[in-house]
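**Student:** A structural model of the following input is requested.
(chains A and B)
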Protein chains: 2
Amino acid sequence: MGGAEEKIRDPAILRRFAERCGGPAARVAIIPTASMLPETGWTYQGIFRSLGVAAAHVLPLESRADCRAPEALAVLGDVDGVFLTGGNQLKLSTTLGGTPVAERLIAGNRGGMHVAGTSAGAAFLSEHMIAFGDEGATPRADSVRLAPGLGLTRLAIIDQHFRQRDRLGRLLTALAYNPHSIGIGLDEDTAAFVGPDDTLEVVGSGAITVIDPSDISYSSMDSAKRHDPVCVLDVRLHVLIAGARYDLRARRATPPPVDPAPDPAVGSAGV
Amino acid sequence: MGGAEEKIRDPAILRRFAERCGGPAARVAIIPTASMLPETGWTYQGIFRSLGVAAAHVLPLESRADCRAPEALAVLGDVDGVFLTGGNQLKLSTTLGGTPVAERLIAGNRGGMHVAGTSAGAAFLSEHMIAFGDEGATPRADSVRLAPGLGLTRLAIIDQHFRQRDRLGRLLTALAYNPHSIGIGLDEDTAAFVGPDDTLEVVGSGAITVIDPSDISYSSMDSAKRHDPVCVLDVRLHVLIAGARYDLRARRATPPPVDPAPDPAVGSAGV
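**Tutor:** Below is the predicted model:
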């Protein structure tokens, strides 16, 4: 999720996550580690309870020692989904990285446990995480700093608040370093739901920008000085809206399905 | 290999690599992409021939198109080992990343093909690659820049010219971002031979510094400003010399074997 998701009036994304986890039977855990605000975990607990899930545990993992606690691991061994809040993704990676909690999230996800994150929580999920960077549309050699993320997938690098904070440049820079990953730029109040088939589906009010660098024919990344703009040729880019899909393995985008029952009176008038 | 390996008088590391690849029957390929010097590939070809291998192919992969050429893939499909020269690791990642040549190196290595690199070629091998950074012993928040590497292992982050260029600080920074990887700092003329059991053995005239961050109890990485020094507590560090081993999975170091036939006249005198 790209951050700043609608939580009160129409929490469509969080409802969809709860449904994926089992709806009324869903047991979820909330990890508010990224947040600086003590109430963040409890806010999400209230939302998930209002959506009717069976259980919503808050795991206040503040230290690396907390991430070894048997109690936390027991909770994570007994839930259908885990939700990572926003905040600072380096708080997540420095606290969870290399601990049994991180191992449990990776192993659980491989076994079918749903793992979701918003904002910093989303950035953290992939193998290569954008730790921080600069705004702007032009890739510059020093505009992004990568760090190892949780490691659920090597197929994609995730950025968030994408349009709102003008982050195309830094995502392009991250991809140009080594054009093996797909770039996923998440707008606010917008989510990518990725299934076991590595196909993502868009949910929410914004768009998802998918950047496929596999056909890059030239980049100046290896010769660019630190503040130079980077020349990158033959990038493929998709802007996906709700209902659209993207196959991360085949690298193929699918548009949203056509409305199954359009009003015949409207027809093609006004096109 | 940490770079600047002895090539002429006593090419012990390169000989060991050739032996691993099959000795007189060995067929190796040399990828000089990282180098700015046109003769680099041919220099190594001469060395490998003088070591008596059966074949030493130079693959001058200069562009991403070269990394899709059937001829190059055919060579890589028919060798026991691949050697990546030094130079600029971003030249390697931007040229090879996401291409069939990179896929072939990854798949080949999983199937038993030996893949070696010196200097930039070593830095490139792991999943998380140090692209560039600053010198100095103190970790600072902005002292290192990571990029996706070739991806042969997620277990380690590799740095080179380690003692010669005072790179402890930047490797500590890279590990503090997410303490899941082991840091391997390679001195010049020193190599880590990693087997299928993910145990490395040290060869060469220098040392290998192994940094195990898994017990880090605190770091200030997530709150440090860009130029701040980073506080990191409870790092484990090993300095390994020739013959010593390190198990990357168990995270256990083993000293060099005791000389099997010490001179009895020396005994423990002078200890």
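
**Student:** so residue A:243 sits right up against residue A:258, yeah?
**Tutor:** No: counting by Cβ atoms under 8 Å, residue A:243 stays clear of residue A:258, with 9.8 Å between them. Backbone N, C-alpha and C define where each C-beta goes, glycine included.

**Student:** neighbour count for the two, which is higher?
**Tutor:** Shown here are residue A:243 and residue A:258; by other Cβ atoms under 10 Å in any protein chain shown, residue A:243 has more neighbours (14 against 8).

**Student:** number of residues surrounding the residue lying closest to the more buried one once chain neighbours are set aside?
**Tutor:** Excluding its sequence neighbours, the residue lying closest to residue A:243 (Cβ to Cβ, 6 or more residues apart in numbering or on different chains) is residue A:256, at 3.1 Å. Residues near residue A:256, counting by other Cβ under 10 Å, number 13.

**Student:** wait, a helix at residue A:256?
**Tutor:** No: checked against DSSP: H, G, I helix; E, B strand; the rest coil, residue A:256 lies outside a helix; its state is coil.

**Student:** thought it was touching residue A:241?
**Tutor:** Yes: Residue A:256 lies in contact with residue A:241 (Cβ under 8 Å); the separation is 6.4 Å.

**Student:** pairing partners for the worst-scoring helix or strand of chain A on mean pLDDT, with directions?
**Tutor:** Ranking every helix and strand in chain A by mean pLDDT, DSSP states H and E puts strand A:218-219 at the bottom, with a mean of 87. Taking DSSP bridges as the criterion, strand A:218-219 forms sheet pairs with strand A:232-233 (antiparallel).

**Student:** residues in contact with the least confident helix or strand of chain A?
**Tutor:** Under the contact criterion Cβ atoms under 8 Å, 6 or more residues apart in numbering or on different chains, strand A:218-219 has outside partners A:176, A:179, A:230, A:231, A:232, A:233, A:234, B:63, B:64, B:94.

**Student:** counting only strands, which of those make the cut?
**Tutor:** Under the assignment DSSP state E, the contacts of strand A:218-219 contribute A:232, A:233 to strands.

**Student:** not counting sequence-adjacent ones, nearest residue to residue A:7?
**Tutor:** Going by Cβ to Cβ, 6+ apart, residue A:7 has residue A:47 as its nearest residue, at 5.6 Å.

**Student:** could you give the mean pLDDT of stretch A:83-102?
**Tutor:** The pLDDT scores in stretch A:83-102 average 97.

**Student:** now do the buried residues in that stretch.
**Tutor:** Within stretch A:83-102, the residues scored as buried using 16 or more other Cβ atoms under 10 Å in any protein chain shown are A:83-102.

**Student:** chain B contacts on the stretch 1-150 of chain A?
**Tutor:** With Cβ under 8 Å from any Cβ of the partner chain as the criterion, the stretch 1-150 of chain A comes near chain B at residues A:63-65, A:88, A:90-91, A:93-95, A:97-98, A:102, A:127-129, A:131, A:142, A:145-149.

**Student:** go again with 10 Å.
**Tutor:** A:33-34, A:36, A:63-65, A:87-99, A:102-103, A:106, A:124, A:127-129, A:131-132, A:141-142, A:144-150 (Cβ under 10 Å from any Cβ of the partner chain).

**Student:** list the ones among those that fall in helices.
**Tutor:** Among those, DSSP state H puts A:89, A:90, A:91, A:92, A:93, A:94, A:95, A:96, A:102, A:103, A:106 in helices.

**Student:** just give me the closest of those to residue B:221.
**Tutor:** Checking these against residue B:221 by Cβ to Cβ gives residue A:94 as the nearest, at 4.8 Å.

**Student:** any idea how far the least confident helix or strand of chain A is from the chain center?
**Tutor:** Its chain's C-alpha centre and that of strand A:218-219 lie 27 Å apart, by Cα atoms, centre = their mean, to the nearest Å.

**Student:** what does stretch A:122-139 give?
**Tutor:** Here the centre of stretch A:122-139 is set off from its chain's centre by 11 Å, with Cα atoms, centre = their mean.

**Student:** now stretch A:177-196
**Tutor:** Counting by Cα atoms, centre = their mean, stretch A:177-196 is centred 6 Å from the centre of its parent chain.

**Student:** CA atoms only: put that stretch into PDB for me.
**Tutor:** Provided in PDB are the C-alpha atoms of stretch A:177-196 (Å, rounded to 0.1, in the frame of the first residue of the first chain):
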ATOM      1  CA  TYR A 177      21.900   0.100 -10.800                       C
ATOM      2  CA  ASN A 178      21.000  -3.400 -11.900                       C
ATOM      3  CA  PRO A 179      18.000  -3.700 -14.300                       C
ATOM      4  CA  HIS A 180      16.800  -7.100 -13.000                       C
ATOM      5  CA  SER A 181      14.000  -6.000 -10.800                       C
ATOM      6  CA  ILE A 182      10.600  -4.500 -11.700                       C
ATOM      7  CA  GLY A 183       9.900  -1.100 -10.100                       C
ATOM      8  CA  ILE A 184       6.500  -0.700  -8.400                       C
ATOM      9  CA  GLY A 185       5.600   2.900  -7.600                       C
ATOM     10  CA  LEU A 186       2.500   3.000  -5.300                       C
ATOM     11  CA  ASP A 187       0.300   6.100  -5.100                       C
ATOM     12  CA  GLU A 188      -1.300   6.900  -1.800                       C
ATOM     13  CA  ASP A 189      -4.500   5.000  -0.900                       C
ATOM     14  CA  THR A 190      -3.600   2.400  -3.500                       C
ATOM     15  CA  ALA A 191      -2.400  -1.200  -3.000                       C
ATOM     16  CA  ALA A 192      -0.900  -4.000  -5.000                       C
ATOM     17  CA  PHE A 193      -2.200  -7.400  -4.000                       C
ATOM     18  CA  VAL A 194       0.300 -10.000  -5.100                       C
ATOM     19  CA  GLY A 195      -0.800 -13.700  -5.200                       C
ATOM     20  CA  PRO A 196       1.300 -16.900  -5.100                       C
END
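
**Student:** can you pull out the strands in the stretch 51-200 of chain A?
**Tutor:** For the stretch 51-200 of chain A, the strands defined by DSSP state E, counting those that start in this stretch cover A:55-58, A:81-84, A:114-117, A:128-133, A:144-148, A:156-159, A:182-186, A:190-194, A:199-204.

**Student:** looking at those strands, which is nearest to residue B:1?
**Tutor:** Nearest to residue B:1 among those is strand A:144-148 (23.3 Å), distances taken as Cβ to Cβ.

**Student:** and the spatially most central residue of chain A, what does it touch?
**Tutor:** Taking Cα atoms, centre = their mean, the centroid of chain A lies closest to residue A:122, which sits 3.2 Å from it. Each residue near residue A:122 by Cβ atoms under 10 Å, 6 or more residues apart in numbering or on different chains is listed here: A:1-3, A:84, A:86, A:89, A:116, A:129, A:158-161, A:184, A:186, A:191-192.

**Student:** out of those residues, which one sits closest to chain B?
**Tutor:** When the contacts of residue A:122 are ranked by distance to chain B (Cβ to the nearest Cβ), residue A:129 comes first, at 7.5 Å.

**Student:** show me which residues of the stretch 151-271 of chain A sit near chain B.
**Tutor:** By the rule Cβ under 10 Å from any Cβ, the part of the stretch 151-271 of chain A lying against chain B is A:151, A:154, A:157, A:173-182, A:212-224, A:226, A:230, A:232-234.

**Student:** buried subset of those residues, written for PyMOL?
**Tutor:** To isolate in PyMOL the members of these that are buried, counting by 16+ other Cβ under 10 Å, one can use:
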select buried, chain A and resi 151+157+173+174+175+176+177+178+179+180+181+182+212+213+214+216+219+220+221+222+224+230+232
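
**Student:** got the contact list for the residue nearest to residue A:243?
**Tutor:** Neighbour list for residue A:256: A:201, A:202, A:240, A:241, A:242, A:243, A:244, A:245 [criterion: Cβ under 10 Å, 6+ apart].
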